[in-house]
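Visitor: Structure, please.
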Amino acid sequence: MKPMRFFLDSHDRTRKTFPEKLSPEDFEKFYALYEKACYDENVVPIRIHVSYEEGRAFCLNMADNADAVKRAHERVGLPYDSIVEVATATPGDTFFRRKAA
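Guide: Okay, the predicted model is just below:
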């Protein structure tokens with residue numbers, strides 16, 4: 001198995017990459033299709049942050065490359081604004097690293 005990396009993608013109603021109207025029930029139905037597309041492309045969906053009111057979503061996935069995430073989106077006809085490789089960071093590992101004495 002290839003090492004997997006984190007990718008964050010974004011969707012925005014104002015850019016036509018998020019549906020004009022989407023209810024939690026609609027999202028649940030759509031997500032089942034998206035989840036299958038992800039598994040078909042060896043993408044692991046981790047978490048989705050969504051604002052139904054604002055029409056925005058941010059999806060965190062794991063994959064060996066961004067192209068796999070793009071293909072999963074294409075399989076279900078889901079446009080995106082961007083797909084960016086990201087790393088996890090906490091205040092502890094970002095700001096409080098010990099310096100060698």
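Visitor: For the rest of this, base every contact and every neighbour count on C-alpha atoms.
Guide: Fine.
Visitor: tell me which strands and helices the lengthiest helix in the chain is in contact with?
Guide: As assigned by DSSP state H, the longest helix anywhere in the chain is helix 24-40. Secondary structure elements in contact with helix 24-40, counted by 3 or more C-alpha pairs under 8 Å, 6 or more residues apart in numbering; DSSP states H and E, are strand 44-51, helix 66-75.
Visitor: what's the most buried one of those?
Guide: helix 66-75 (a mean of 18; mean count of other C-alpha atoms under 10 Å).
Visitor: Averaged pLDDT, it. What do you get?
Guide: Mean per-residue pLDDT for helix 66-75: 98.
Visitor: Just the CA atoms of that helix, as CSV, please.
Guide: The C-alpha coordinates for helix 66-75 follow below in CSV (Å, rounded to 0.1, in the frame of the first residue of the first chain):
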residue,chain,number,x,y,z
ALA,A,66,-4.6,14.6,-5.5
ASP,A,67,-5.5,13.1,-8.8
ALA,A,68,-7.3,10.2,-6.9
VAL,A,69,-9.4,12.8,-5.0
LYS,A,70,-10.2,14.6,-8.3
ARG,A,71,-11.3,11.4,-9.9
ALA,A,72,-13.6,10.6,-7.0
HIS,A,73,-15.3,14.0,-7.4
GLU,A,74,-15.6,13.5,-11.2
ARG,A,75,-17.3,10.1,-10.7
